[in-house]
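# Quick one: sequence plus predicted model below, questions after.
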Amino acid sequence: MRHAMLTTADLLQARCVHATAALDAADVTRLLAQIPGWRLEDGQLCRDFPQADYYRTMAFVNALAWLSHNEDHHPELTVTYNNCRARYHTHSVNGGRGGLSHNDFICAAKASALAQQAATQDKAVRP
Ligand SMILES: C[C@H](O)[C@H](O)[C@H]1CNC2=NC(N)=NC(=O)C2=N1
């Protein structure tokens, strides 16, 4: 895969595969531009997903669990009443020292798409 050319749409269509190579800094910078809202924090991909209430936070966490299982790639989550912070990195690259791989960007793009769906398709009426 020519990762330098990957678009957001490419990331949304891709599937995670095991044992991918680590991305270099230039690839990370290019791919970050394809996933608005995500930032680098301690070498990990990080994004906050603010929510209206605890119920929606947990619904989003469950949607992420479904995505994580489908892709066999799992974010670290910090869950509060009205926010879910997700962090992605890949343990197996860099000789087991960890780093960023395509899998992290694929899942970040898909997590953002879930949040977008939640924001535009929530039919529940709040009091
Ligand atoms: C065998 C399987 O692919 C690995 O254990 C997966 C599982 N989920 C994972 N999730 C994340 N975030 N990073 C990994 O390196 C990772 N490895």
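Yep, it's here.
# is it true that residue 114 lies in a helix?
Yes. Looking at residue 114 with DSSP: H, G, I helix; E, B strand; the rest coil, it is inside a helix.
# what's the distance between it and residue 16?
15 Å (CB to CB, to the nearest Å). Yep, even glycine has a C-beta here, placed from its N, CA and C like the rest.
# And the helices in this protein?
Assigned by DSSP state H, the helices in the chain fall at 8-13, 25-32, 54-71, 102-121.
# Surely residue 45 touches residue 108?
Yes. The pair residue 45 / residue 108 is scored as a contact, 5.2 Å apart, by CB atoms under 8 Å.
# what's the overlap in contacts for these two?
By CB atoms under 8 Å, 6 or more residues apart in numbering, residue 45 and residue 108 have these common neighbours: 35, 38, 88.
# Distance check, the last one against residue 109.
Separation of residue 88 from residue 109 (CB to CB) stands at 11 Å.
# With the first one instead?
Applying CB to CB, one obtains 5 Å for the distance of residue 35 from residue 109.
# quick one: contacts for residue 107?
16, 67-68, 71, 73, 75, 88.
# again, but for residue 82
Counting by CB under 8 Å, 6+ apart, residue 82 has contacts 50-54, 57.
# repeat that for 10 Å
49-54, 56-57 (CB atoms under 10 Å, 6 or more residues apart in numbering).
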